[in-house]
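**Q** got a sequence here, can you model it:
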Amino acid sequence: MTAWTYLLILFGSTLTAFGGIWLKRGALAVVLDQGLWPMARTAAFNLQLLFGLVCYILPIGIWIYLLRAHDLSKIQPLLAVVYVITPIFAIFFLQESVSLMRWGGIFFIIIGVALVSQS
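**A** The predicted structure is shown next:
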């Protein structure tokens, strides 16, 4: 795989991680205790939810492009890099804390992604 392929994977995964951040922010603004229709109306006009959905949808085009050129068994595991990026973004953009146990799991994900990328 070329450097371009890895950059596309990183870009798509970064978009997906930002999508999670936007969806979380948007979800916090949705009113749940006033019934289905007020919730749907609030969600429909929530720009943060819209940005989150766009950030989730755009990478699909990247994945389709990558799958045309590479094996699914190689590309799909590399998408796990989103599980490394998302906690970092959550710390900076949502002020979440990430436990040592989670960092341990993230470390194993990094090892797995590295092994798959070398195979």
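**Q** for the protein, which segments are assigned as helices?
**A** For the chain, the helices defined by DSSP state H cover 3-29, 36-44, 47-69, 72-78, 82-94, 100-118.
**Q** which residues touch the fourth one?
**A** When contacts are taken as C-beta atoms under 8 Å, 6 or more residues apart in numbering, the neighbours of helix 72-78 outside the stretch itself are 1, 9, 63, 66-67, 112-113, 116-117, 119. Every C-beta, even on glycine, is put in place using the N, C-alpha and C of the backbone.
**Q** buried subset of those?
**A** Neighbour-count burial (16 or more other C-beta atoms under 10 Å) is assigned, among those, to 9, 63, 66, 113.
**Q** generate TSV for those, with distance to residue 93 as supplementary columns.
**A** Formatted as TSV, the entries for those read as follows, by distance: C-beta to C-beta, whole Å:
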residue	distance to residue 93
9	21
63	24
66	26
113	22
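**Q** so which pair among those residues is furthest apart in space?
**A** With distances taken as C-beta to C-beta, the most widely separated pair in the buried ones among the contacts of helix 72-78 is 63 and 113, at 15.7 Å.
**Q** what residues sit buried inside the lowest-mean-pLDDT helix or strand in the chain?
**A** Per-element confidence for the chain was summarised using mean pLDDT, DSSP states H and E. The lowest value among helices and strands belongs to helix 36-44, with a mean of 78. Using 16+ other C-beta under 10 Å as the burial criterion, the residues of helix 36-44 that qualify are residue 42.
**Q** just checking the distance from stretch 85-103 to the centre of its chain.
**A** When C-alpha coordinates are averaged (C-alpha atoms, centre = their mean, to the nearest Å), stretch 85-103 and its chain have centres 13 Å apart.
**Q** which residues are in contact with stretch 106-119?
**A** For stretch 106-119, using C-beta under 8 Å, 6+ apart, the contacting residues are 1, 6, 74, 77-78, 80-81, 83-84, 87, 98.
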